[in-house]
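1. need coordinates for the below:
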Amino acid sequence: MIVRKLCVLVLMLALFGTNGYPQLNEIGKFELDSWRDRKVVVPFDLINNLMVIPISINDSDTLRFILDTGVSSTLITELSEDDVIALNYIRTVRISGLGEGESTEAYYAPGNKIEIGKAVGLDQDVLIMKEDIFHLSSLLGKKVNGLIGYSLFKDFIVELDYREERVILHEHHKYSNKYKSKSESDKWITVPINLFRQKPYLDVDLTQKDGTTLQVKLLLDSGASHGMALYHTANEDIHLPEKRIRSFLGSGISGEIHGYLGRIDTLSIDKYNLSDIVASYPDEDGIRRALNYSERDGSIGAEVLRRFKVFINYKEGTMIMKPSRFFREDFSYNIAGMEIATPYPNVPVYSVTHVRDSSAAHKADIRKGDILVEINRKGSQYYELNELNKLFEEEGKRLRLEILRGEEIIRKELLLESELN
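-> A predicted model of the protein is given here:
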């Protein structure tokens with residue numbers, strides 16, 4: 001079939017099975033298109049900590065996908081009127097994941113060719129959402145068509161370089177000696193990862209704000225923009241911090257996720273310690289399906305990953321890491337307390353989608369549906385969505401806003417004071 005627009009973010013974009021989860025074919029291998037090549041360098045756009053890479057499916061024009069270790073199947077979430085892809089539709093399947101709602105339907109299309117630079121994967125399975133439930137383009141402010149994960153990571157040693165904003169796909173047999181040399185260097189740490197249902201997990205040590213320590217099993221999730229998620233409802237040793245705030249945490253395949261934000265004292269990955277990480281503590285309703293399909297205590301996301309240079313090696317079940325220049329940056333969160341999105345990707349119109357109770361935005365009577373017109377005497381059209389999200393995290397910052405509510409222009413002022421410090 002020729003797929004045009006299907007007319008029927010981002011915390012935690014992981015796929016989980018239900019009783020009706022598709023039994024997909026054994027997918028083909030990604031290879032470099034020339035035997036002379038040792039690697040492929042793929043630039044990415046870093047948007048809200050997420051790596052967005054260019055890909056092509058069945059010789060289509062360029063599509064933009066999030067590189068996501070948390071997904072087992074390549075997933076098309078949305079297509080514009082101009083996106084034309086030839087796909088061999090075979091059947092409708094039901095998929096589910098994080099969120100408080102029900103499972104949803106997708107089309108299953110096997111036998112596709114996916115190209116990422118000079119890396120070519122044949123016989124690739126693709127799922128196409130019947131309905132755009134993620135609204136990734138609106139949430140990120142740029143065109144995003146889907147997610148890709150396991151099918152790519154399984155066939156390469158994958159280097160994630162957040163500083164240079166590039167992914168490097170290394171051929172296993174041509175890079176294994178260099179990988180081994182790095183892993184034996186004092187500059188790098190080697191972290192075991194365990195693949196379960198085509199997703200990577202690792203064990204890390206936590207010190208909580210009440211002084212208790214524990215080891216937790218976390219999903220390695222490059223497709224989650226947060227630092228950490230901890231499942232306190234599933235593990236009684238994970239304690240909600242005394243200082244915490246009730247918040248909308250994001251969306252998954254099965255709907256919205258709500259819970260708490262708080263800080264942990266220390267995350268220890270081998271010899272490297274990260275302090276005062278902002279963690280999310282989702283409600284049980286939002287994670288029930290995840291718990292049914294893996295005994296895990298949460299996830300570790302891109303706000304942690306971006307502080308390292310990382311090589312991920314599924315074949316050997318290891319990951320090597322060393323701190324980058326971002327390592328010592330403070331962990332923050334949306335102090336303003338308002339989530340914004342753009343109804344039209346690449347068009348700088350910003351609408352408020354959620355307002356957190358007791359936040360600076362709530363106290364200033366910012367409401368869902370308000371349109372940002374001006375921020376600190378600068379028109380909203382001069383900001384990118386990424387810039388505004390970072391602005392909302394600056395503690396002590398004063399924001400003078402002009403907003404459009406209906407046909408009325410209203411002026412508001414916010415002082416960003418952290419509720420977690």
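2. going by C-alpha atoms from here, please, whenever you check contacts or count neighbours.
-> Noted.
3. how about the helices in the stretch 301-421 of the chain?
-> For the stretch 301-421 of the chain, the helices defined by DSSP state H, counting those that start in this stretch occupy 302-305, 360-363, 385-391.
4. got JSON lines for those, with mean pLDDT, distance to Val191 and mean neighbour count too?
-> Formatted as JSON lines, these follow (pLDDT from 0 to 100; distance: least, CA to CA, whole Å; neighbours: other CA atoms under 10 Å):
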{"stretch": "helix 302-305", "mean pLDDT": "98", "distance to Val191": "13", "mean neighbour count": "22"}
{"stretch": "helix 360-363", "mean pLDDT": "97", "distance to Val191": "40", "mean neighbour count": "20"}
{"stretch": "helix 385-391", "mean pLDDT": "95", "distance to Val191": "30", "mean neighbour count": "17"}
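5. mind checking those helices for the one nearest to Leu230?
-> Among those, the nearest to Leu230 by CA to CA is helix 302-305 (13.9 Å).
6. check which helix or strand covers Glu105.
-> Using DSSP states H and E, Glu105 maps to strand 104-116.
7. which strands and helices sit next to that strand?
-> For strand 104-116, the contact count by 3 or more CA pairs under 8 Å, 6 or more residues apart in numbering; DSSP states H and E identifies strand 50-57, strand 91-97, strand 119-129 as packing neighbours.
8. tilt between that strand and strand 119-129?
-> 160 degrees (axes from the mean of the first three to the mean of the last three CA atoms, to 10 degrees).
9. show me this protein divided up by domain.
-> Using automatic domain parsing, the domain parsing of the chain gives 2-168, 175-323, 338-415.
10. CSV for the ones you listed, including distance to Asn421?
-> As requested, those are exported to CSV (distance: least, CA to CA, whole Å):
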stretch, distance to Asn421
domain 2-168, 23
domain 175-323, 8
domain 338-415, 10
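11. against Tyr383, how distant is the closest residue to Asp161 other than its chain neighbours?
-> Nearest residue to Asp161, sequence neighbours excluded (CA to CA, 6 or more residues apart in numbering): Lys309, at 5.5 Å. Taking CA to CA, to the nearest Å as the measure, Lys309 falls 29 Å from Tyr383.
12. enumerate every residue touching the residue lying closest to Gly379 once chain neighbours are set aside.
-> In space, and not counting its chain neighbours, Gly379 is closest to Val373: 6.0 Å by CA to CA, 6+ apart. Going by CA atoms under 8 Å, 6 or more residues apart in numbering, Val373 touches 379-381, 401-404.
13. buried members of the residues you listed into ChimeraX, please.
-> To isolate in ChimeraX the members of the contacts of Val373 that are buried, counting by 16 or more other CA atoms under 10 Å, one can use:
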select :380,401,402,403,404
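14. ok, now which ones touch Gly149?
-> Applying CA under 8 Å, 6+ apart, the residues near Gly149 are 67-74.
15. how close does it get to Lys397?
-> Distance, Gly149 to Lys397, by CA to CA: 37 Å.
16. wait, Thr104 sits on Arg94?
-> Yes: assessed by CA atoms under 8 Å, Thr104 is found in contact with Arg94 at 5.5 Å.
17. check the protein for its longest strand and report it.
-> Using DSSP state E, we find that the single longest strand of the chain is strand 255-269.
18. any idea how far stretch 189-208 is from the chain center?
-> Relative to its chain's centre, stretch 189-208 lies at 17 Å (CA atoms, centre = their mean, to the nearest Å).
19. what comes into contact with that stretch?
-> 69-72, 150, 183, 213-220, 239, 241, 264-271, 294, 314, 317-322.
20. could you redo the last one with a cut-off of 6 Å?
-> With contact meaning CA atoms under 6 Å, 6 or more residues apart in numbering, stretch 189-208 is reached by 70, 72, 183, 213-220, 264-269, 317-321.
21. need the buried ones from these selected in PyMOL.
-> Buried residues within these, by 16+ other CA under 10 Å, are selected in PyMOL with:
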select buried, resi 70+72+183+213+216+217+218+219+220+264+265+266+267+269+318+319+320+321
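22. quick one on the thing from earlier: and the residue nearest to Asp161, what is it in contact with?
-> Counting by CA under 6 Å, 6+ apart, Lys309 touches 161, 321-322, 324.
23. immediately after the helix-or-strand element of the chain with minimal mean pLDDT, which helix or strand?
-> Across the helices and strands of the chain, mean pLDDT, DSSP states H and E gives its lowest value to strand 15-16, namely a mean of 32. Following strand 15-16 in sequence order, the next helix or strand is strand 30-32 (DSSP H and E).
24. how about Ile409: what's its closest non-neighbour residue?
-> In space, Ile409 comes closest to Ile403 once its chain neighbours are excluded; the distance is 5.6 Å by CA to CA, 6+ apart.
25. still on that earlier bit, narrow the contacts of Val373 to those in strands?
-> Here DSSP E is the test, and the contacts of Val373 give 379, 401-404 as lying in strands.
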